[in-house]
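from the sequence below, what's the structure:
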Amino acid sequence: MSKRATTSQMDNERTDSSIIRIPPHHYIHVLDQNTNIARVEIGPLTYIRQDNERVLFNPTRMTMIPPRHYCVILNPVVRDDEGHIQFDTAGQAKLRHADLEIRLAQDPFPLYPGEEIQKDVTALQIVYPDTALRLQALLDFEEENGEKRVAGDEWLFEGPGTYIPRKEVMVLETIKATVIRENQAIRLRARKEGVDRSGVRRVTGEEWQVCKVGAYLPGAHEEVIDIVNAFILTDKKALHVCALRPFRDAGGRDRRTGEEWLVTLADREAHIPSVAEEVVGVVDVTTLSSRQYCVILDPVGPDGKPQLGQKRVVKGERSFFLRPGEQLENGIQDVYVLSEEEGLVLRAVEAFADTEAQEEDGEEEQEKRGKRAGVQRRPGDRWMLRGPIEYVPPATVEVLLRQQATPLDENEGIYVRDIKTGKVRAVIGHTYMLTQDEELWEKELPQNVELLLTSSRDPLSGRSEREQGLVGGPRDKTRVVSFRVPHNAAVQVYDYREKKARVVFGPDLVMLGPDEQFTVLSLSGDKPKRANVIKAICLLLGPDFCTDIITIETADHARLQLQLSYNWHFDIKNRSDPAQATALFSVPDFVGDACKAIASRIRGAVASVQFDDFHKNSNRIICSAVFGFDEKLAVRSSLRFGQNGLVISSVDIQSVEPVDQRTRDALQKSVQLAIEITTNSQEAAARHEAERLEQEARGRLERQRITDQAEAERARKELLELEALSAAVESTGAAKAEAQSRAEAARIQGEAAVSEAKLKAEAQRIEAEAELERLSKARNQELNYKKEMDHLEVDKQHKLAEIESQRFKQLVDAIGSGTLTEMARAGPELQVKLLQALGLKSTLITDGSSPHQFVHYCQRPLGGDKG
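Below is the predicted model:
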């Protein structure tokens, strides 16, 4: 604050001074306080202020506009045609109030009182190529070329160029050209009615496209909506197009509103949708192999219109595009390749002549007629086409299902129902394929039978288990129901259609017909017996046992609970007799009936017997009550039920327990008393036996003691004899040991002398050998030395001989071969002449130590001379 106050104070002092120095290109405003008129003083000038004047501000630099720049002045001064400033009568510069003036590059100028710089010095805007300024007229004016502009008009200033602003024009925006590449177009829309760059008249809101490659600069009344890229069409992709309004497409064909068509590679390689087109989507090619086909719904006809409600079958190998409105039924499907064990059940949708039908009648006439004209099919007809064959169903045929032959073993089968007659039959033991009029039939069984068939419990080993075994997977109800009857068991099957039953004895396999059901046995179980506890399909023929608990009452009103076990079996004389086999199942619960009958007999027999008598003779009373007596008043061996042939062979009394508390206490006391008596008698016998054993042990101990004393005296006698003998041996041994030690010392001395002599001899031998070895090595070294010296001498002589031969050779070479020849010839010729003169033919010259014989030495030369 202090600095700002100081600065303003200094400015006031400067403006209040009388002399003001104005530098070049500076100016001040001077106010005449008498007339209240301000004027401009321009430097360079030294201005002397009058008393009635006041300088409004310090010298200020003039406004300088460099080249290619401009500024905007608000309330500019009025100038005449020659550019001079006009003043009013009072000397005040006239101003155009609320007006603007754009000043370009010029000499520095001052601002007159009232003028303001609305926009500082700014560089002129350069408009580059492919760029334009969208301008709007704010006032009505006429351009230099004579074109008149009305307020609100819009036009473009296109580059390249420098835009010089006007006060009547406002720059709305800078527009850049849009580059259109290959396979591209720009979509334009008219914002105002006018003519586009192609000279076409456009109305407001109209849209069109420009596809020319290059830069496109939209007009003043055009706006770019979007850049549209072309869709590249290949042999695997096509374009689904819809018309938004009537127009003529690129192929020259007239299109109506809503019409849809397909643009493929055959039409053009790249497609740019026009403004009247809408791309619905890209359609991929549908390719069918040689083993595929498809059904097209609502196919497009030759006239290009969809045939609604119709179908067309297309077989491979083929590639095509789905036309608009077309769709595949169930997509691409594989050709039905049928083996010998397969077939197709077909149904006709429309009437047609079937040329691929295979008649099953086997008549030659029908076969000839079928091959010639085909089989006439009516709507709804069903037939089967059997393999081996490759089949493509036509559009008039519907494939209901594909049948597979079911392989069946001897013990396997299926239920088959004729859909025309409704008759159900079982096919067992051979491979079978359903016909067109047959279907698999599911046989329903009662819930308890289902559980028994799917249970993993064995009828024999698990017959005593009450819990249901592990339940397997669900049963295939179309398969023939089978049950393996175990050994020594029987199963009854009832045919509800024939109203008769059959019994199958094991081991065997039961297979139910369509109308047959198992007879389920509901037997009593648990202890005591309860009805409907055991559910079974097979009836075990025994032998087996069952256990029951019954309550009886004696004549003296003692109530007892008996646990009895009965051994039973079925007695069948002839299993092939249907009457006897059926009698086995005549009693639904043979276990409960037998147990009740036996219990009633036992109660009747025990009711007339006292408790003590029954306690002593319970087995005889119960067996006689169950089995009865024969003619000889003897107890029978078994009890037979004639209705179903059940035989009870034995009765086992497992336990007898009183039901009444008093009877139980009395029985317990009697049992305790009997136990006590038995215990006392056993204790007395044990005590007597212990005393007897004790006396026997004492006698044996005394005899053993006397025997031990005799043995001790005998051992003492032997000890004394041994002591005397050891004293004698001791005295004799001392003398013997001394003599032996002396002899051993002498022997050791002798052996030491012998060893010493041997060692001396060995030492002498070693010394002699060492000396011999030394002499041998010395002689060897001497020989080696001689050999080396001889070798050196030989080498020396060889080298001297070589030197001599070399010297001789050089001498011969120096003398020359001709000279030597002459020298050699000179001696013999002289000798020949000498011998000829003496008349000698040969001679021998010797010195006595090395004779030299020359036999006929001069014969050839002499003969030559003579000749």
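
pLDDT averaged over the host helix or strand of residue 101 - what is it?
Here residue 101, judged by DSSP states H and E, is contained in strand 100-103. Averaged across strand 100-103, pLDDT comes to 92.

so what are the sheet partners of that strand and their directions?
Note on strand 100-103: by DSSP bridges, its sheet partners are strand 69-74 (antiparallel).

returning to that earlier point: ok, residues contacting the strand holding residue 101?
Applying C-beta atoms under 8 Å, 6 or more residues apart in numbering, the contact partners of strand 100-103 are 65, 70-74, 76, 109, 118, 164-167. The C-beta positions use only the backbone N, C-alpha and C, and glycine is treated the same way.

ok, now stretch 502-512?
Stretch 502-512 has contacts (C-beta under 8 Å, 6+ apart) with 411, 413, 426, 428, 443, 480-493, 495, 518, 538, 575, 578, 581-582, 584-585.

distance between that stretch and the chain's centre?
With C-alpha atoms, centre = their mean, to the nearest Å as the basis, stretch 502-512 stands 51 Å off its chain's centre.

rewinding a little: list the buried residues of the strand holding residue 101.
When neighbours are counted by 16 or more other C-beta atoms under 10 Å, the buried residues of strand 100-103 are found to be 101, 103.

that one: what's the following helix or strand?
Strand 100-103 is succeeded, C-terminally, by strand 106-109 (DSSP H and E).

neighbouring strands of the following helix or strand past that following strand in the sheet, and parallel or not?
Downstream of strand 106-109, the next assigned helix or strand under DSSP H and E is strand 116-123. Partners of strand 116-123 in the sheet, by DSSP bridges, are strand 69-74 (antiparallel).

which parts of the partner strand are buried?
Those would be 70-74, for strand 69-74 by 16+ other C-beta under 10 Å.

want to throw those into a markdown table with pLDDT and distance to residue 196?
What follows is those, written out as a markdown table (pLDDT from 0 to 100; distance: C-beta to C-beta, whole Å):
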| residue | pLDDT | distance to residue 196 |
| --- | --- | --- |
| 70 | 95 | 33 |
| 71 | 95 | 38 |
| 72 | 95 | 35 |
| 73 | 94 | 40 |
| 74 | 94 | 40 |
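
which one of these is nearest to residue 127?
residue 70 (15.0 Å; C-beta to C-beta).

residue 506 versus the closest one, what's the distance?
Computed as C-beta to C-beta, to the nearest Å, the residue 70 to residue 506 distance reads 122 Å.

over to residue 165?
To residue 506, residue 165 is 119 Å away according to C-beta to C-beta.

same question for residue 338.
43 Å.

likewise for residue 430?
26 Å.

looking at these two now, which is surrounded by more residues?
residue 506 (21 against 12; other C-beta atoms under 10 Å).

now that one: closest residue in space, sequence neighbours ignored.
Setting aside the residues directly before and after it, residue 506 is nearest to residue 485 in space (C-beta to C-beta, 6 or more residues apart in numbering), at 3.5 Å.

off-centre distance for the strand holding residue 101?
So, by C-alpha atoms, centre = their mean, the centroid of strand 100-103 is 80 Å from its chain's centroid.

so where's the protein shaky on pLDDT?
Across the chain, the ranges flagged by pLDDT under 70 are 1-15, 357-373, 456, 460-472, 838-867.

mind naming the longest helix for it?
Identified as the longest helix of the chain according to DSSP state H is helix 661-815.

the stretch 201-350 of the chain: helices as residue ranges?
Counting by DSSP state H, counting those that start in this stretch, one finds no helices in the stretch 201-350 of the chain.

residue 495 is in contact with residue 515, correct?
Yes - between residue 515 and residue 495 there is a contact under C-beta atoms under 8 Å: 5.6 Å.

common neighbours of these two, please.
What both residue 515 and residue 495 touch, as defined by C-beta under 8 Å, 6+ apart, is an empty set.

name the helix or strand for the nearest residue to residue 374 once chain neighbours are set aside, please.
Leaving aside its sequence neighbours, residue 374 sits nearest to residue 353 (C-beta to C-beta, 6+ apart; 3.7 Å). In this structure, residue 353 sits in strand 352-354 according to DSSP H and E.

from residue 517, how far off is the closest residue to residue 518 other than its chain neighbours?
Spatial nearest neighbour of residue 518, chain neighbours left out: residue 537 (5.0 Å); criterion: C-beta to C-beta, 6+ apart. As for residue 537, its distance to residue 517 is 10 Å (criterion: C-beta to C-beta).

ok, residue 118 next?
Separation of residue 118 from residue 517 (C-beta to C-beta) stands at 113 Å.

swap in residue 109?
Using C-beta to C-beta, residue 109 is found at 126 Å from residue 517.

which residues does the closest residue to residue 90 other than its chain neighbours contact?
What sits nearest to residue 90 in space, not counting adjacent residues and going by C-beta to C-beta, 6+ apart, is residue 37, at 5.6 Å. Neighbouring residues of residue 37 by C-beta under 8 Å, 6+ apart: 31, 90-92.

closest to residue 294 out of those residues?
residue 92 (97.1 Å).

can you report how many residues neighbour the closest one?
Neighbour tally, residue 92, other C-beta under 10 Å: 16.

my guess is residue 583 meets residue 641, correct?
No - using C-beta under 8 Å, residue 583 is not in contact with residue 641; the gap is 10.3 Å.
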